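Asker: model the following, please.
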Amino acid sequence: MRTIIIAVIIFIGALSAETVSKFTDYTLAANDTLRADVKVFNGSANIEGYLEGNLEVYSGDITITATGTVTGEVKAFAGKVFRNEQIDDEASYFVVDELKKLILGREDGEGSLSLSMGIGGPDNAMTSDNGDQKSFFFHNSLIRKDFVSYSKVEGLYLGLNADIKLVNTEIADFNMNASGGYAFRMEEWEYYFDQKLSFFDEKLILGGAEYKSVASEDQRKLSSSLNAASAFFLHQDFYNYYMAEGFGLFAGSLYKFKQAGNDHQFGVKAGVYSESIDSLKNKTNWALFFNDRDFIKNIDADDGDMVELVASARYVGILKDYNTFVDTYYTYEQTLDQYEQDFSFKKGLFSFFVENKVKEMFVFSNLFRLESVAAADKDRIVPNFKYITMGGTGTLPGYRLNEFVGNRGFYDRFVIGFIGYDLAEFRAILDMGEAYFSSSDDIMKDSGKFGLSSMKTSFGLGMTIGEKYMFSVHKRLDSNVNPYQFQLSYIYNY
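Answerer: Model prediction:
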């Protein structure tokens, strides 16, 4: 649904030749002048220079600084307009605040409630709340769904998300997040609740979570919204699912600062989770189109109880001096074997993404991901959903879905792009990767054991749509068996 709405907005906005459209945060720097109408979708606008034209922002805020000027109309839909740090109520169409006052009867600063129905995107991954799919403090494996979703194990899912801010002071903040809904074909209620107490602008965050929800390790390869749309319209569901029910305690810290015009964000977290794992099977085989084929069978998950430690660190850098974006991520998981449980494993995942734009004409990017999992106690099993799979959308697109499986694996994508239009880039893509097995119980050993002879590669050509989606065609370079594959993919950093 979100994709359809964005596509309609793109089409309408493209009718005006003098309109500049952006699908990310937009900044007009001080002393710069732009003569055009500007529309920003799913992002915020910061105006420090002179804009001769209209400014509209959808699902974001507008900030006009003391040095900034906008000659035309200024409107923020599902957001706020700030002029010299003061809210312009007439230009702000923020339903959330009106709903907050209606339900809680409180003014700004006392508390707030917002209901999310899938409008927000996954752009701000370092936030401590759960308003997007890649929230840094959200459970690593649980699927963060929109208010409506569709999958081969759940059928139709309907639900709501709520972010509740109870305390907001200069020293401490106390927030609660809740989401829940009903999966009709699975005939199950799903829920997720967490509470976060943060101090000194999120320098210290303490919290806990309780949940019963569908989970999948495949979210790192494809967003849940795009997978749901593919399942509903195209009869293709790319995830392998299992049910996770339990609770956890976590702590962490976020640091955000600017240095010489460059933005830096650091985040660290650690949590202990106790949960029960249940396998799920396909519950529906219906889709709007292509009903002559079936959904791929969901792989049975190893059932059992698990107590594990999860620690993650992430750095996001927007290096404006070099027109470069950097996103590096590391997570480590290990079961606590002193507790009575069925599983025993340790796993590491490292990801590094860098993108450089040259004179707003050419794009160079590289995504490297390395994963490794090993048994921590040979008398217990490593759950099969923690193994590494390669092939299909998200990894090695020239190969069948989950064609390669192992407990060690790597994936690398190198891209050269040309910015042909304001909303699109034309890209040449080289994918390479491998999944293989190692008998070592040391996750670092054999994690780099791959070579040119066994490596799988494919070459593709694609065109992006906005900032997050891409149509492409790929050819396997090592085989002529089913060599070509078309795909619509979601651009992930890790």
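
Asker: who is the nearest residue to Leu249 once chain neighbours are set aside paired with across the strands?
Answerer: Closest residue in space to Leu249, ignoring its immediate chain neighbours: Gly208 at 5.0 Å, by CB to CB, 6 or more residues apart in numbering. (Each C-beta comes from the backbone N, C-alpha and C, glycine too.) Beta-bridge partners for Gly208, by DSSP bridges, are Gln195, Leu249.

Asker: quick one: residues contacting Gly208.
Answerer: Residues in contact with Gly208 (CB atoms under 8 Å, 6 or more residues apart in numbering) are 194-195, 247-250.

Asker: and for the nearest residue to Thr19 once chain neighbours are set aside, the neighbour number?
Answerer: Among residues not flanking Thr19 along the chain, Asp37 sits closest, at 4.6 Å (CB to CB, 6+ apart). Neighbour count of Asp37, defined by other CB atoms under 10 Å: 19.

Asker: show me what contacts Asp37?
Answerer: Contacts of Asp37 by CB under 8 Å, 6+ apart are 16, 18-20, 53-56, 72.

Asker: and the gap between it and Thr63?
Answerer: 18 Å (CB to CB, to the nearest Å).

Asker: likewise Tyr26?
Answerer: Distance, Tyr26 to Thr63, by CB to CB: 11 Å.

Asker: between those two, which one's more packed in?
Answerer: Tyr26 (21 against 18).

Asker: report pLDDT for that one.
Answerer: As predicted, Tyr26 sits at a pLDDT of 90.

Asker: what pairs with the residue nearest to Glu355 when sequence neighbours are not counted across the strands?
Answerer: Of all residues beyond its chain neighbours, the one nearest Glu355 is Ser365 (3.9 Å), with distances taken as CB to CB, 6+ apart. For Ser365, the beta-bridge partners under DSSP bridges are Glu355, Val415.

Asker: Ser365 touches Asp412, doesn't it?
Answerer: No. Between Ser365 and Asp412 there is no contact under CB atoms under 8 Å: 11.3 Å.

Asker: ok, the two, which is more surrounded?
Answerer: A count of neighbours by other CB under 10 Å puts Ser365 above the other of Ser365 and Asp412, at 20 against 17.

Asker: so what's Leu166 closest to, chain neighbours aside?
Answerer: Leaving aside its sequence neighbours, Leu166 sits nearest to Phe174 (CB to CB, 6+ apart; 4.9 Å).

Asker: list the contacts of the one you found.
Answerer: Phe174 touches 165-167, 195-198, counting by CB under 8 Å, 6+ apart.

Asker: and if you look at Phe200?
Answerer: So Phe200 contacts Ile171 (CB under 8 Å, 6+ apart).

Asker: give me the domain ranges for the protein.
Answerer: Per automatic domain parsing, the domain ranges recorded for the chain read 2-93, 95-322, 358-494.

Asker: nearest to Glu340, of the ones you listed?
Answerer: Closest approach to Glu340 among those (CB to CB): domain 95-322, 7.5 Å.

Asker: pLDDT of the closest one, averaged?
Answerer: So the average pLDDT for domain 95-322 ends up being 82.

Asker: so for stretch 53-67, mean pLDDT?
Answerer: In the prediction, stretch 53-67 has an average pLDDT of 88.

Asker: give the buried residues for that stretch.
Answerer: Neighbour-count burial for stretch 53-67 flags 53-65 (criterion: 16 or more other CB atoms under 10 Å).

Asker: so which of those residues belong to strands?
Answerer: 55-58, 62-64 (DSSP state E).

Asker: from these, which two are the most distant?
Answerer: Tyr58 and Ile64 (17.2 Å).

Asker: spell out, range by range, the helices that occur in the stretch 101-250 of the chain.
Answerer: Listed in chain order, the helices of the stretch 101-250 of the chain (DSSP state H, counting those that start in this stretch) span 224-234.

Asker: in the sheet, who's paired with Lys75?
Answerer: According to DSSP bridges, beta-bridge pairing links Lys75 with Glu56.

Asker: actually, Ala374.
Answerer: Bridge pairing for Ala374 - DSSP bridges - gives Lys346.

Asker: what about it, neighbour count?
Answerer: Ala374: 22 neighbours (other CB under 10 Å).

Asker: try Gly43
Answerer: 20.

Asker: pretty sure it contacts Glu56?
Answerer: No. The criterion here is CB under 8 Å, and Gly43 misses it with Glu56 at 11.9 Å.

Asker: low pLDDT regions in the stretch 351-494 of the chain?
Answerer: Filtered on pLDDT under 70, the stretch 351-494 of the chain yields the residue ranges 420-423, 450-453, 467, 481-482, 490-494.

Asker: can we see that at 80?
Answerer: The model of the stretch 351-494 of the chain has pLDDT under 80 over residues 359-360, 419-424, 447-454, 465-469, 478-494.

Asker: tell me which stretches of it form strands.
Answerer: 362-375, 388-390, 404-406, 408-421, 424-436, 456-465, 469-476, 484-490 (DSSP state E, counting those that start in this stretch).

Asker: tell me which of these is the most buried.
Answerer: strand 388-390 (a mean of 25; mean count of other CB atoms under 10 Å).

Asker: run me through the strand neighbours of that one, direction for each.
Answerer: The sheet places strand 388-390 alongside strand 404-406 (antiparallel), with pairing taken from DSSP bridges.

Asker: hmm, who's touching the strand it pairs with?
Answerer: Residues from elsewhere that reach strand 404-406 (CB under 8 Å, 6+ apart): 387-391, 396, 434-438, 456.

Asker: check contacts around Ile64.
Answerer: If you count contacts by CB under 8 Å, 6+ apart, Ile64 has them with 47, 70, 74, 81-84.

Asker: of those residues, buried ones?
Answerer: Neighbour counting with 16+ other CB under 10 Å marks 47, 70, 74, 81-83 as buried within the contacts of Ile64.

Asker: pick out the most distant pair among those.
Answerer: Val70 and Phe82 (12.3 Å).

Asker: wait, Leu249 sits on Lys269?
Answerer: No. Applying CB under 8 Å, one finds Leu249 not in contact with Lys269, separated by 11.3 Å.

Asker: which of those two has more neighbours?
Answerer: Lys269 (20 against 13).

Asker: from Glu202, how far out is Arg369?
Answerer: Using CB to CB, which is the criterion applied here, Arg369 is 27 Å from Glu202.
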